[in-house]
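Engineer: how would this look folded up:
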Amino acid sequence: MLFRSAQTISVERCSIWLYNSDKTSIICDKLYLRSEDKWYEGIELLKSDFIPYFESLEENPIIIANDAETHPATSCFKEKYLSPLGIKSMLDVPIIYQGDTIGVICIESLKSKVWTEDEINFTRLISSLYTFSYSVSETNRISNLMKDFEYFVDNSVLISKADKNGKITYVNDKFIEVSGWSLKDVIGKDHNILNSGEHPKEVWEEMYFRDRKSTRLNSS
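Structural biologist: Below is the predicted model:
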């Protein structure tokens, strides 16, 4: 994606920068250098060092810096970033996920450049594609976390469900393991008769009344 951007817009540097958790810095997730045909990552820019830029990201939907050394949002980069790297022009488009700006797509030119409407729209398209990719990644991550959580619960906690009459409708594997009853044996039975002989009667009675209370709350 960044490789294609550099080729299409004919610029030297294309990168994706993402905020840290509290937005006190922005970290380079991927940087493509066209002249070297190489990828870099991990560069971090602190908000405390570049306050005008970070404030501009919050206030403006896009930063179009034809002259990066004099633009109000990017001039703060001159000594530490622009001059050492020879960057003359910058185009930054925000990456927005679920209404929140999580980072930027940054296009940088080593030649002074007036960004065209087509180049701006193309960079917006790249931002949208990244947002879609990020959304898929987040969905998969959350799904995997839920699977891990469900596996932990199912293997660590006794779970059972009952209808309004206190009859068992579901038990998990841990319940079956501890109670010594099979799934076929417990469905439709009361909790207070499911004593396997390995636990005091009070254990099952407590579970029975707790589950009935939960059922009433869920059905109300």
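Engineer: C-alpha only now, for contacts and for neighbours.
Structural biologist: Will do.
Engineer: can you give me the strands in the protein?
Structural biologist: 13-19, 25-33, 38-40, 44-46, 63-65, 89-97, 100-109, 160-162, 168-171 (DSSP state E).
Engineer: nearest to residue 130, out of the ones you listed?
Structural biologist: Proximity to residue 130 (CA to CA) singles out strand 89-97 among the strands of the chain, at 7.5 Å.
Engineer: buried residues in that closest one?
Structural biologist: Using 16 or more other CA atoms under 10 Å as the test for burial, strand 89-97 gives 89, 90, 91, 92, 93, 94, 95, 96.
Engineer: can I assume the fourth one is in contact with residue 109?
Structural biologist: No. Taking CA atoms under 8 Å as the definition, residue 92 is not a contact partner of residue 109, at 11.7 Å.
Engineer: give me the mean pLDDT for stretch 38-49.
Structural biologist: Across stretch 38-49, the average pLDDT comes to 91.
Engineer: on that earlier part again, Throw the buried residues of strand 89-97 into TSV and include pLDDT and distance to residue 167, thanks.
Structural biologist: Listed next are the buried residues of strand 89-97 as TSV, based on pLDDT from 0 to 100; distance: CA to CA, whole Å:
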residue	pLDDT	distance to residue 167
89	95	71
90	94	67
91	94	65
92	94	61
93	91	58
94	89	55
95	88	52
96	85	49
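Engineer: show me the shaky parts of the protein.
Structural biologist: Applying pLDDT under 70 to the chain flags the ranges 1-10, 134, 136-158, 179, 191-220.
Engineer: tell me the helices in it, going along the chain?
Structural biologist: Ranges of helices within the chain are 2-9, 51-59, 83-85, 117-156, 173-179, 183-186, 201-219, based on DSSP state H.
Engineer: just give the number of residues close to residue 168.
Structural biologist: Counted by other CA atoms under 10 Å, the residues lying close to residue 168 total 20.
Engineer: my read is that it contacts residue 185, right?
Structural biologist: No. Applying CA under 8 Å as the test, residue 168 and residue 185 come out as separate, 10.2 Å apart.
Engineer: quick one: residue 112 from residue 67, how far?
Structural biologist: Noted for residue 112: a distance of 7 Å to residue 67, by CA to CA, to the nearest Å.
Engineer: so what sits against both of these two?
Structural biologist: Applying CA atoms under 8 Å, 6 or more residues apart in numbering, one finds that residue 112 and residue 67 are jointly contacted by 88, 89.
Engineer: more neighbours: those two, which one.
Structural biologist: residue 67 (18 against 15).
Engineer: I figured the more buried one was touching residue 91, is that so?
Structural biologist: No. Contact between residue 67 and residue 91 fails when scored by CA under 8 Å: they sit 10.2 Å apart.
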